[in-house]
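In: Quick check, what structure comes out for this input:
(one chain, ligands or ions: 1)
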Amino acid sequence: MNGPPLVEVQDLSKSFDVSAPWLNRVVEGKPRQFVHAVDGVSFSIERGKTLALVGESGCGKSTVARLLVGLYAPTAGHVRFDGIDIAQGLRGAQASVLRRRMQMIFQDPYASLNPRWKVLDIVAEPLIEHRLIDEADKRRARVGELLKSVGLTAADMEKFPHQFSGGQRQRISIARALATQPEFLVCDEPTSALDVSVQAQVLNIMKDLQRQRGLTYLFISHNLAVVRHVSDQVGVMYLGRLVELADKAELFSRPRHPYTRMLLDAIPDIRMSGRSRTPVQGEVPNPLNPPSGCSFHPRCPLANARCKVERPALQAIAGVRIACHAIEEGRYQPEPRSAAGNQVLTAEQL
Ligand SMILES: Nc1ncnc2c1ncn2[C@@H]1O[C@H](COP(=O)(O)OP(=O)(O)OP(=O)(O)O)[C@@H](O)[C@H]1O
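Out: Okay, here's the model as predicted:
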């Protein structure tokens with residue numbers, strides 16, 4: 001699709017103050033402490049496309065998701081939605097319109113649906129909140145259509161959440177998110193809490209809805225096999241920063257950053273009964289005390305003295321954006337992965 005990107009994120013940062021209470025700090029002489037959950041992240045998402053953010057737990061994916069829908073205010077940087085800077089704080093009618101245009105789907109469909117409400121009330125809530133349909137009969141009809149669009153039936157609106165399976169509950173969450181006819185959906189691990197066998201069904205529904213409605217997605221996942229199924233572009237995050245940003249085909253056929261390669265090598269391989277070829281090595285450092293220089297250097301086989309002191313910037317190298325001194329200096333020229341190395345699980349086998 002042409003035109004300017006729907007979402008533009010520029011130098012976005014978010015720190016959380018995790019200091020001990022004031023009195024403890026004074027008595028014990030402890031300094032204030034901050035977690036830099038997101039640290040200078042920039043990307044854009046074209047209309048009708050999906051950007052996936054991947055990375056191990058704690059790398060800042062969910063914080064980016066919350067910043068994008070305005071649930072958190074950034075410490076620094078900009079988030080522009082259709083040209084409007086939402087990071088500056090929105091008020092009144094403009095805030096209400098924007099909240100309608102972007103919706104979020106969470107990981108846990110058990111926690112995000114009120115167990116005491118019928119599906120009708122759950123899915124109709126945004127219609128009432130935004131005063132989109134005032135007449136109860138018309139709202140019912142609309143809820144019926146929304147449920148059908150996610151593969152449920154209109155009769156399901158009379159049931160309660162506990163009467164559905166996990167995959168069906170996530171479909172209800174999607175139907176509710178679609179009620180306001182949003183253009184942008186932020187999906188935070190939407191299938192991670194589901195049985196492996198139903199993940200692909202939910203992902204396929206999301207892809208169909210994207211095609212039918214021209215939706216734009218930010219898709220958060222720690223699972224590269226899932227990301228491969230849904231994304232157009234992939235951003236790989238490590239300790240609050242983007243280390244690689246590339247088109248999906250490029251990222252899977254020729255991952256550049258050593259961290260991306262490590263994550264790809266850890267994807268379960270169908271020919272090895274679903275075991276990974278090389279499990280992820282090492283552990284994510286403590287975000288309260290991140291390593292100097294490139295924060296990946298303690299786990300990186302290519303790290304040298306410069307990597308230990310100088311933080312690499314994300315820069316365009318041969319068509320992808322990479323933050324890695326070894327690649328920038330030409331010390332490391334990543335080879336394309338062999339076809340065998342790309343034998344990751346398909347959506348049906350996730
Ligand atoms: N509200 C908060 N207060 C303090 N620290 C926070 C808060 N939210 C996130 N963090 C910290 O910020 C960092 C990034 O967290 P975030 O949840 O964004 O990561 P993530 O990649 O989504 O991880 P996961 O996959 O486990 O959800 C972590 O170190 C986390 O502990």
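In: hey, let's count contacts and neighbours off CA atoms from now on
Out: Noted.
In: how about the one helix or strand Ala37 maps to, does it reach the ligand?
Out: Taking DSSP states H and E as the criterion, Ala37 maps to strand 34-45. Yes - counting by CA under 6 Å from any ligand atom, the ligand has neighbours in strand 34-45: 35, 37.
In: need the next SSE after that strand, C-terminal direction.
Out: strand 50-54.
In: Tell me the first helix or strand C-terminal of that following strand.
Out: Trace forward from strand 50-54 with DSSP H and E and the next one is helix 61-68.
In: any idea how far Cys324 is from Lys118?
Out: 51 Å (CA to CA, to the nearest Å).
In: higher neighbour count, those two?
Out: Cys324 (26 against 18; other CA atoms under 10 Å).
In: May I have the predicted confidence score for the closest residue to the ligand within the stretch 151-300 of the chain?
Out: Here the residue of the stretch 151-300 of the chain nearest the ligand is Pro287; by CA to the nearest ligand atom that distance is 5.3 Å. As predicted, Pro287 sits at a pLDDT of 85.
In: So it sits against Leu239, correct?
Out: Yes - counting by CA atoms under 8 Å, Leu239 is a contact partner of Pro287 at 6.7 Å.
In: quick one: common contacting residues for those two?
Out: Counting by CA atoms under 8 Å, 6 or more residues apart in numbering, the common neighbours of Pro287 and Leu239 are Ala37.
In: between these two, who's got more neighbours?
Out: A direct count of neighbours by other CA under 10 Å for Pro287 and Leu239 places Leu239 higher, at 26 against 16.
In: which residues of the chain fall in helices?
Out: For the chain, applying DSSP state H gives helices covering 22-28, 61-68, 92-101, 119-129, 136-149, 166-178, 196-213, 224-230, 248-253, 258-265, 305-309, 325-328.
In: Quick one: closest of those to Gly40.
Out: helix 61-68 (10.9 Å; CA to CA).
In: Is the closest one positioned near the ligand?
Out: Yes - using CA under 6 Å from any ligand atom, helix 61-68 reaches the ligand at 61-63.
In: can you give me the mean pLDDT across that helix?
Out: Here the average pLDDT along helix 61-68 is 94.
In: And stretch 132-144, by the same measure?
Out: 95.
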